[in-house]
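Chemist: predicted model, plus sequence, below.
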Amino acid sequence: MKSDSDDMEEKEEEEVEYKKEVADACPPPCPVAPPGFPSHEGTGLQRNRSESPETLYTMTTQVTKPPGAVVIETRSSDPEECPEADNEEMDEILVNHSPEPPELEIGDMMQTDENSQPVTLHPEQDLPHMFKSLQDTLTGLTKEELFKFKMGFCQWESSITLSQVMEGDLLDFVDRIIEILGEDRSLLHTISTLESINKKEAAEELRNKCKRGKETLDLSQHIFLFLRSVFSLFRYHLKQYLIRKHQVIREGVVRAGKQNLLDTIYVEPQISTCGYGGVDPTHELRLHPPSPLQVPSSDTFVSLNNLFRQQKEDGSPVRTVMTTGIPGIGMSVSVGKFSLDWAEKRANMDLQFVIKLSFRTFWLLRNKNPPQMMSIMEVIEYYHPECKDMKYLEEDGCKFLIIMDSFDCYQTSLDWEYAPVVQDNHTQTHPDVMIVNIIRGTLLQGARVWILGRRAAVSQIPSKFIDVVTEIQGFSDEMKDDFLKKRFSDVVLTEKIVEHYKRLPTLSMLAGQPFVCWMVATVFERCFRYQDYGVHPPRLTPFYISILIVQTNRRLQFYYGKAENELKWSNDDRNLLKKMGKMAFKMLERNTSVFFEEDVKECGLKLMEVTVFSGLCAELSTAASGGRRTFCFIHLTFQEFMAALYVFTMFYTESKNVLESGGLHMHKIFASKDQTKSSAALVHCALTRTLSSPLGHYDMFLRFLCGIFSPDCHHNQLSRFLYRYNAPKLGGLDEVQQLLEQAIQTAEGNNRDRVENLKECLREMTQEDE
């Protein structure tokens, strides 16, 4: 039998060993917890930590340890047995290392994510609480139950091997699964495994512990006071939903086996906090556009994952961020990338939840007869069933983001001034009122809100409700090449595509729009499968026709709910494009690149149809246009293309030459019995206008007009869309070719600056696809 003195000596030796062990694992200046933790006999597991010091201070615990915080010995699972003297010593350590209350020290924990973002984690995301929750639950198992648990755990989890599960003691096991699987997945798999071995009470206890509103463990028990509990199950389901939705990007017509992973091909576009409309003013033949367009400077650019790290003028964090951009600039893809980075813990880890509520979902609720009356909490639960009973969204300090994209899908005006004020998240209300109150900040008051939509649609939101307006500008020259290189593993093919599209300066400019850059990659990948392709430069007109068709089909699907097999253009669709072409032609005649609301009405069009739904126009910033709502086409060359399409369509379908004017005399070889209805007569009128105007005014218009004369364009591409299926090919192209050749010969003598464009006009019409 040992004497008291022997016991004291043994305790002193254990204390020295313990201090040495902690000092090795946690070098100064990190303080250590006081010794004296007794061993726990619940599972009979060995508590000797000398062979596994990583459990005391691992990469996992290092991630969540704030500077100067205490590293607590976790070998004892019974904090009641800690002596009072040790508690006093720990309190003293805490006071010395932080002037703030101990519980706030955890709430202010700083981390850095993969994007080098400083991150402040909320207490409910604190890893030590997760560690202890799993430890406490598994400690109550017997040896046999723990063995069955480990066998079941690794059986259904391929990321962990049997040897990893069986090595070490219980704390090693908990530490290892959190490090390999992450907190949320570890918790979910632990609960499911407990249920599979008939330990449903333990599983329910762990589940309830993660749903509790507050943990009240005392510092005297060597556990930090947590302000909130862990909601890992809900967050895990949310993350899995976002990963499933955005991990694979669906571009154009989805082909089996041809899907791409978003992370693999994503190139982040330039995003500016100083937007002017997002329209590129550069032009192949004009040094300056007819109407000045402003572009933001590079010092206004902000990265995608830093949108909510901006501050308002008074220095407070932003609540509501609005992002706009022209059609095809990549807003939907940016939402997917932001969500995926959060779900996979690469960025914005301080956000506890990211919930996507598209305006399209609100529009569906509104279109029910009668309109569906729901509360915002019911809407969240309806579209995210895994988030049922998410009352914690209403608690103070809960940091979460609501993504509201596709504002242009909500096809009605909202009453921002007189809509009823709703402050209760459980009050059922009309979708119109709900949207207004979310953006006002009276509903979901603790939420950050990200609104995305085309400027012509989101401009109805009063500026007082928006903290920051950002605008996606598209790709720089380097980003275009990077985008194409990421899509193909074949380096030779990539180099061919990059070199090929740069042979057309206009296409190179337009490729700054991610949608066009994707089209370049898709079209040229298919073309280069054919032998000897690439000898001649590509033609420009087919690309513009493809953009027109894709955007019109998207309009039918996105705004009118048409299925993919129902994309048959109606007469209304054709008339819309013809009237937009007429407006573009009038703008070209006036030598302007912008239009106003009265111009739209003059052509018998609806403003929203033209500026939002068509996908071909954009609204400029009111600040850049003197406060008057001003619009333009997505690029000046697209205005020129639409003007040429209108002129050709009137000639092809109605036999009208809208370019005809008095005093025009043609060479006799091009004259016909019905001179005004011949193809050569139309091109002759276009040539006359072009050569008698300053360089650049009508030159691209002429190039597109000649391109549409090509049978490949008007008979193959536009057939079944803008023109009827059995419409005949246009005749008289030989005469048009002679006319262009003669114009080139004449220009080489007295108008050399026009020669290259005239040669391009001839190539657009005569070059056949290789």
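Modeler: Sure, I can see it.

Chemist: surely residue 195 meets residue 202?
Modeler: No: Residue 195 is not in contact with residue 202 according to Cβ atoms under 8 Å; the separation is 9.0 Å. In this view, the C-beta of every residue, glycine as well, is placed from N, C-alpha and C.

Chemist: quick one: the helices in the stretch 551-700 of the chain?
Modeler: Assigned by DSSP state H, counting those that start in this stretch, the helices in the stretch 551-700 of the chain fall at 571-589, 597-602, 607-608, 636-654, 679-691, 699-709.

Chemist: return the most buried member of these.
Modeler: helix 699-709 (a mean of 27; mean count of other Cβ atoms under 10 Å).

Chemist: could you give the angle of it to helix 679-691?
Modeler: 160 degrees (axes from the mean of the first three to the mean of the last three Cα atoms, to 10 degrees).

Chemist: who has more neighbours, residue 195 and residue 202?
Modeler: Looking at residue 195 and residue 202 with other Cβ atoms under 10 Å, you find the greater number of neighbours at residue 202, namely 21 against 15.

Chemist: what strand or helix carries that one?
Modeler: helix 200-209 (DSSP states H and E).

Chemist: flag every buried residue along the helix or strand following that helix.
Modeler: Using DSSP H and E, the helix or strand that follows helix 200-209 in sequence is helix 232-246. Within helix 232-246, the residues that count as buried by 16 or more other Cβ atoms under 10 Å are 232, 233, 234, 235, 236, 237, 238, 239, 241, 242, 246.

Chemist: the third one touches residue 391, doesn't it?
Modeler: Translated: residue 234. No: no contact is recorded between residue 234 and residue 391 when judged using Cβ under 8 Å, the distance being 11.0 Å.

Chemist: show me what the helix or strand hosting residue 745 is in contact with.
Modeler: Per DSSP H and E, residue 745 falls inside helix 733-750. Helix 733-750 is contacted by residues 667, 669-670, 678-680, 683-684, 687, 691, 706, 709, 711, 754-755, 758-759, 761-762, 765-766 when judged by Cβ atoms under 8 Å, 6 or more residues apart in numbering.

Chemist: just give me how far that helix sits from the chain centre.
Modeler: 49 Å (Cα atoms, centre = their mean, to the nearest Å).

Chemist: ok, now stretch 144-156?
Modeler: That offset, for stretch 144-156, works out to 40 Å (Cα atoms, centre = their mean).

Chemist: quick check: mean pLDDT across that stretch?
Modeler: Average pLDDT, stretch 144-156: 82.

Chemist: buried residues in that stretch?
Modeler: When burial is assessed from 16+ other Cβ under 10 Å, stretch 144-156 yields the following buried residues: 145, 146, 148, 149, 150, 152, 153, 154.

Chemist: again, but for stretch 737-753
Modeler: So for stretch 737-753, counting by 16+ other Cβ under 10 Å, buried means 737, 739, 740, 743, 744, 747.

Chemist: flag whichever of the residues you listed scores worst on pLDDT.
Modeler: Minimum pLDDT for those is recorded at residue 747 (88).

Chemist: residue 473: which element?
Modeler: strand 468-474.

Chemist: and the helix or strand that comes right after that strand, how far out from the chain middle?
Modeler: As assigned by DSSP H and E, the chain's next helix or strand after strand 468-474 is helix 477-487. Relative to the chain's own centre, helix 477-487 is displaced by 18 Å; criterion: Cα atoms, centre = their mean.

Chemist: how about the helix or strand just after helix 477-487: buried residues?
Modeler: Using DSSP H and E, the helix or strand that follows helix 477-487 in sequence is helix 491-501. Within helix 491-501, the residues scored as buried using 16+ other Cβ under 10 Å are 493, 494, 496, 497, 498, 500, 501.

Chemist: about what we covered before: the helix holding residue 202 packs against which elements?
Modeler: helix 127-139, helix 183-196 (3 or more Cβ pairs under 8 Å, 6 or more residues apart in numbering; DSSP states H and E).

Chemist: tilt between the longest one and helix 200-209?
Modeler: It refers to helix 183-196. Going by the same axes, to 10 degrees, helix 183-196 makes 150 degrees with helix 200-209.

Chemist: circling back to that earlier point, turn the buried residues of helix 232-246 into TSV, including pLDDT and distance to residue 591.
Modeler: TSV is the format used below for the buried residues of helix 232-246 (pLDDT from 0 to 100; distance: Cβ to Cβ, whole Å):
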residue	pLDDT	distance to residue 591
232	68	62
233	73	63
234	80	59
235	82	57
236	81	59
237	83	58
238	88	53
239	89	54
241	90	52
242	93	49
246	94	44
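
Chemist: got CSV for those residues, with distance to residue 648 too?
Modeler: What follows is the buried residues of helix 232-246, written out as CSV (distance: Cβ to Cβ, whole Å):
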residue, distance to residue 648
232, 61
233, 61
234, 57
235, 56
236, 57
237, 54
238, 51
239, 52
241, 48
242, 46
246, 41
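
Chemist: report the secondary structure state of the spatially closest residue to residue 479 that is not a sequence neighbour.
Modeler: Leaving aside its sequence neighbours, residue 479 sits nearest to residue 267 (Cβ to Cβ, 6 or more residues apart in numbering; 5.2 Å). Assigned state for residue 267: coil (three-state reduction, DSSP: H, G, I helix; E, B strand; the rest coil).

Chemist: per-residue pLDDT, residue 267?
Modeler: According to the prediction, residue 267 has pLDDT 96.

Chemist: could you check how far residue 484 is from residue 248?
Modeler: 20 Å (Cβ to Cβ, to the nearest Å).

Chemist: no wait, residue 393
Modeler: From residue 393 to residue 248 the distance is 29 Å (Cβ to Cβ).

Chemist: then residue 703?
Modeler: When residue 703 is compared with residue 248 (using Cβ to Cβ), they lie 39 Å apart.

Chemist: what do you get for residue 500?
Modeler: Taken as Cβ to Cβ, the span from residue 500 to residue 248 is 28 Å.

Chemist: please apply the same query to residue 695.
Modeler: Applying Cβ to Cβ to residue 695 and residue 248 gives a distance of 47 Å.

Chemist: same thing with residue 725?
Modeler: 35 Å.

Chemist: with residue 610 instead?
Modeler: Residue 610 is 34 Å from residue 248, where distance means Cβ to Cβ.

Chemist: perfect, that will be all.
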